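Need the 3D shape of this:
(one chain, ligands or ions: 1)
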Amino acid sequence: MNIKDIIRKKRDGYELSKDEIEFFAFSAADESVPDYQISALLMAIYLNGMTDKEMLELTDAMARSGDTADLSGISGIKADKHSTGGVGDKTTLIVAPIVSSCGVKIAKMSGRGLGHTGGTVDKLESIPGFRTSLSTEEFTGIADKCGLCIAGQSGRLCPADKKLYALRDATETVESLPLIASSIMSKKLAGGADCIVLDVKCGSGAFMKTVDSARELADKMVKIGRGAGKKIAALITDMDSPLGNCIGNSLEVWEAVQTLKGNGSDDLTELCIILSAKILELAGFGSNGECRKAARSAIESGSALKKLAESVELQGGNPDYIYNPDLLSKAAYKYEIVAKESGFIGHMDALKVGSSCSMLGAGRQKKEDSIDFGAGIVLNRKTGDRVKKGEIIAVMYSSDEALFEDAVLQFEESVTISDSKPAEKPILLEIIE
Ligand code: URA
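A predicted model of the protein is given here:
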């Protein structure tokens, strides 16, 4: 089979065969085709889309491109959650210890930052010593022992997605429904969990900008999961403004810990309770109301925080950073953004805030780039808040002072000040089950 023929076929808008799709996924996984040809095909898929048949075949081929996780050695119910990606989305760091402390085991593979969005693996690596690259035995061993293990896509699980994910990030081919659905669901199928909750983000900071497109993505992923015999639900949640108050890797770990201590912002805490309750409900822990109560009491009792610290220690990290998150690094330089006029924050465009954060060094421009774990943005004001001229809206952190200029301009473009308070939006927009 010839990769140039496959690129041409997709470029010209034709449907690829099962064999061609498998060739694409497998040669991305074993790197037998150069990055530039894989990237060209990604762009052709981005521009011309895929039929449902192609998308199912791509998901299946990616899931089979390496090993599949055998979680049978982990006792009890295993659950997984996955977000389609947002700005300030640190929910995995909160939801996973909540449900794990309630008795559902989480053995989960997470990703790095993608486009303007952050990734759980990058966030966790901002905890000194924390290892996300684990052998299969370590992964299942830790999950069985403590009930919580989050690893990167190391080893042989879904190597096709590992490659495609990094190339999509570097080639602006992320926002494609079939590429997102196959990327997420191949990992979920190879990941082996019994119950899956998908957090499909919708709005300016999400890859899906409208509820209709988020619903389409959610529907397709739920169908793929159900077809594979999983208990699965998708929540469509708002990502028009950043989630919580911190954006950037170690800042988000800090905020996740504050939330587990009961000091989180309302939007972030509520979303984490909703996601946790849905996982517990799918796992058979009672009605949604009962599961919400269980999730809340995991925060109030401190058991979820203890669970996070335990798993951090088992993965080589220092649990002191969880009990005392002020130890986490903040970049050396800071810049305060002040309001140029008085009024209400009418809109804070999450995409622009995410890009601004990436410009500070918190994200990658090329797939080989290293990231500045301490870089990021702390929001003092968010959409709907009143602000007076001269008040600080946000504080930016970076290890390179030269990066502030462009990042500040980008951030300032994200904020609109209006005379009246904008209508409040719920965090949960829809549930697809
Ligand atoms: N998360 C993933 O794992 N893949 C995507 O394509 C988008 C979000």
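
mind listing the strands in the stretch 301-433 of the chain by residue range?
For the stretch 301-433 of the chain, the strands defined by DSSP state E, counting those that start in this stretch cover 333-338, 343-348, 376-379, 386-387, 392-398, 415-418, 428-432.

contacting residues around whatever residue of the chain ends up closest to the ligand?
For the chain, the residue closest to the ligand is Ser183, as judged by CB to the nearest ligand atom, at 3.5 Å. (Glycine included, C-beta is placed from N, CA and C.) Under the criterion of CB atoms under 8 Å, 6 or more residues apart in numbering, the contact list for Ser183 reads Met62, Asp161, Leu164, Tyr165, Arg168.

If you drop the residues flanking it in sequence, what lies closest to the first one?
In this case it means Met62. Ser186 (3.5 Å; CB to CB, 6 or more residues apart in numbering).

cool, and the last one?
Distances taken as CB to CB, 6+ apart put Val174 closest to Arg168, at 4.9 Å, once the chain neighbours are dropped.

now that neighbour, what's its secondary structure?
Per DSSP: H, G, I helix; E, B strand; the rest coil, the secondary structure class of Val174 is coil.

Quick check: which element contains the residue nearest to Met62?
In this assignment (DSSP states H and E), Ser186 forms part of helix 177-191.

ok, now Ala166?
In the assignment (DSSP H and E), Ala166 maps to helix 159-171.

That helix packs against which elements?
Judged by 3 or more CB pairs under 8 Å, 6 or more residues apart in numbering; DSSP states H and E, the packing partners of helix 159-171 are helix 18-29, helix 35-48, helix 52-63, helix 177-191.

wait, which of the ones you listed is closest to Leu305?
Shortest distance between Leu305 and the helices and strands packed on helix 159-171, using CB to CB, is found for helix 177-191: 25.1 Å.

Just checking, which helix or strand succeeds the closest one along the chain?
strand 195-202.

how distant is that next one from the center of its chain?
Using CA atoms, centre = their mean, to the nearest Å, we find the averaged C-alpha position of strand 195-202 to lie 10 Å away from the chain's own average C-alpha position.

Could you give me the buried positions within it?
Cys195, Ile196, Val197, Leu198, Asp199, Val200, Lys201, Cys202 (16 or more other CB atoms under 10 Å).

contact partners of the helix or strand following that strand?
Sequence-wise, the next helix or strand beyond strand 195-202 is helix 211-227, with elements assigned using DSSP H and E. When contacts are defined by CB under 8 Å, 6+ apart, helix 211-227 is touched by residues 52, 55-56, 59, 84, 177, 180-181, 184-185, 188-189, 196, 198, 200-202, 206, 208, 232-234, 236, 429-430, 432-433.

quick check, helix 211-227 touching the ligand?
No: among the residues of helix 211-227, none lie within reach of the ligand under CB under 6 Å from any ligand atom; the closest is 9.6 Å away.

Report the angle between that helix and helix 177-191.
For helix 211-227 against helix 177-191, the angle by axes from the mean of the first three to the mean of the last three CA atoms, to 10 degrees is 30 degrees.

if we can go back for a sec, now for the residue nearest to Met62, how many residues are close by?
26 (other CB atoms under 10 Å).

returning to what we had before: can you dump the C-alpha atoms of the helix holding Ser186 in CSV for me?
Below are the C-alpha coordinates for helix 177-191, written out as CSV (Å, rounded to 0.1, in the frame of the first residue of the first chain):
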residue,chain,number,x,y,z
LEU,A,177,-14.8,15.7,14.9
PRO,A,178,-13.7,12.3,13.6
LEU,A,179,-10.1,12.8,14.7
ILE,A,180,-11.2,13.8,18.2
ALA,A,181,-13.8,11.0,18.5
SER,A,182,-11.3,8.4,17.3
SER,A,183,-8.5,9.7,19.5
ILE,A,184,-10.6,9.7,22.6
MET,A,185,-12.5,6.5,22.0
SER,A,186,-9.5,4.4,20.9
LYS,A,187,-7.8,5.2,24.2
LYS,A,188,-11.0,4.4,26.1
LEU,A,189,-11.5,1.1,24.3
ALA,A,190,-7.8,0.1,24.8
GLY,A,191,-7.9,1.4,28.4
